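Colleague: got a predicted structure here, sequence first:
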Amino acid sequence: QVALVETGGGTVQAGGSLRLSCVTHDLTFSGLHMGWFRRAPGKERDFVAGISKTGASTWYVDSVKGRFTISRDNAKNTVYLQMNNVNPEDTATYFCAASLAKNEPRLRNQYIYWGQGTQVTVSQ
């Protein structure tokens with residue numbers, strides 16, 4: 001079982017920045033695609049960003065392109081989500097997830113391991 005632990009959430013003003021981190025102590029981290037999802041109040045858990053096993057490839061939902069950056073450090077078993085120029089619509093619980101899917105996974109059911117989530121609140 002892979003345990004994922006997210007940190008870095010909090011409250012930030014619109015236009016500000018926040019960096020989320022997700023660490024796992026499982027030694028197979030480098031063999032997993034990683035992703036970030038978010039669940040806004042009253043909504044489904046939606047895909048935000050993904051990164052390949054080596055970090056060579058990244059993919060994003062259109063609404064965060066140019067503002068969010070996903071990255072990973074396999075030596076630290078950690079994946080990051082840098083969030084810039086945030087807006088109130090980014091308010092959500094953010095989840096880190098791991099996938100064994102071959103292509104660029106974007107669907108919830110393509111991810112098999114999940115963290116507990118970290119809350120991000122963007123104020124006006």
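Modeller: Thanks, I have it. Remember, predicted model here, so these are calculated numbers, not experimental data.

Colleague: can you pull the buried residues of stretch 50-58?
Modeller: Within stretch 50-58, the residues that qualify as buried by neighbour count (16 or more other C-beta atoms under 10 Å) are Gly50, Ile51, Ser52, Lys53. Every residue, glycine included, has its C-beta placed from N, CA and C.

Colleague: which residues touch the residue nearest to the spatial centre of the chain?
Modeller: Within the chain, one residue has its C-alpha closest to the average C-alpha position: by C-alpha atoms, centre = their mean, that is Trp36, at 2.2 Å. In this structure, Trp36 makes contact with Leu20, Cys22, Val48, Ala49, Gly50, Ile70, Val79, Leu81, Tyr94, Phe95, Cys96, Ala97, judged by C-beta atoms under 8 Å, 6 or more residues apart in numbering.

Colleague: okay, these in a markdown table with pLDDT and secondary structure next?
Modeller: Converted to a markdown table, those look like this (pLDDT from 0 to 100; DSSP: H, G, I helix; E, B strand; the rest coil):
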| residue | pLDDT | secondary structure |
| --- | --- | --- |
| Leu20 | 98 | strand |
| Cys22 | 97 | strand |
| Val48 | 98 | strand |
| Ala49 | 98 | strand |
| Gly50 | 98 | strand |
| Ile70 | 98 | strand |
| Val79 | 98 | strand |
| Leu81 | 98 | strand |
| Tyr94 | 98 | strand |
| Phe95 | 98 | strand |
| Cys96 | 97 | strand |
| Ala97 | 96 | strand |
